[in-house]
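[1] my questions are about this predicted structure, shown below with the sequence.
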Amino acid sequence: MTKPYSEQDLLRQLVEDRTWRLKEISDLKSAILRADSPARRVLLRALVTISYAHWEGYVRFAARRYLEHIALRKFSFGDLERQFLRNYFLPRLASLSTNRLGLAERCRLVDDILEAGNQRFTRANADLVNTKSNLNFDVFADICLICGVDVAPFEKSRTFVDVVMLSRRNAVAHGEDTFVAAADMDQLADETIALMRQFGDALENKVVLQSFKAVAQGPIEAVAKVH
């Protein structure tokens, strides 16, 4: 797949990736409706796993493509919303908890942060978008934060993600004889699809509206320019 250099490249890739996932979920629903009773029970369990797989896969794909698109445009950190600068330093900050840095190293880190406003964001750290093979709502909220997406509109789906989808998926994946009722089929499929669309739309809106750019000069950018 080509890199998302332009806005249209990114939007097309987000739509194309989502479309084939939605079709698989829709096709599986159709197969469930046509199946006899024994086959239906098996297919309903399969719907749980495929719905979760596409939820995790799309969030990871869309978030990484969005960050890659911004990186390819090579904006300076001072021109971007502050979350991009935070993302840049998160790995180094994480190392503070595992490595005993001396005073000189800590001072150097502070200097790097203060001077980073004029550096360019040219590479997205793929490790920051980590679904941990267990994309519960809290992990999803972290990914939203990394991408600068407001998680509040998704809060209403917390129980669905953690209980209806993820808990059942884990039970099926671990070989438990979990029963999935036919009455749950529409909620499982429709809400998964709605969440994928909602997350994709949030990223698309950031690009179209250019809300990934800095709104106002903050203290870090101001210090960097004076320095």
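    Cool, got the structure. A quick note: this is a predicted structure, and the numbers were derived from the prediction, not measured. Residues are numbered from 1 along each chain as shown.

[2] just give me the neighbour total for Ile113.
    Ile113: 18 surrounding residues under other Cβ atoms under 10 Å. Where C-beta positions appear, they are placed from N, C-alpha and C, glycine not excepted.

[3] element containing it?
    Using DSSP states H and E, the element containing Ile113 is helix 103-114.

[4] the residue found closest to Phe77 once you drop the neighbours it is linked to in the chain - how many residues pack around it?
    Nearest non-adjacent residue to Phe77, counting by Cβ to Cβ, 6 or more residues apart in numbering: Leu85, 4.6 Å away. By other Cβ under 10 Å, 22 other residues sit near Leu85.

[5] wait, isn't Leu203 in contact with Tyr66?
    Yes: with contact defined as Cβ atoms under 8 Å, Leu203 counts as touching Tyr66 (4.6 Å).

[6] any shared contact partners between these two?
    Taking Cβ atoms under 8 Å, 6 or more residues apart in numbering as the contact criterion, the common neighbours of Leu203 and Tyr66 are Leu14, Cys147.

[7] what packs against whatever helix or strand Phe89 lives in?
    For Phe89, the host element (DSSP H and E) is helix 83-95. Under the contact criterion of 3 or more Cβ pairs under 8 Å, 6 or more residues apart in numbering; DSSP states H and E, helix 83-95 touches helix 103-114, helix 137-147.

[8] distance to Val207 and mean pLDDT added to those helices, as a markdown table?
    Formatted as a markdown table, the helices and strands packed on helix 83-95 follow (distance: least, Cβ to Cβ, whole Å; pLDDT from 0 to 100):
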| stretch | distance to Val207 | mean pLDDT |
| --- | --- | --- |
| helix 103-114 | 27 | 82 |
| helix 137-147 | 11 | 97 |
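
[9] what about the nearest residue to Leu43 once chain neighbours are set aside, how many neighbours?
    In this structure, Leu43 finds its nearest non-sequential neighbour in Ile32, 4.6 Å apart by Cβ to Cβ, 6+ apart. Using other Cβ under 10 Å, Ile32 is surrounded by 20 other residues.
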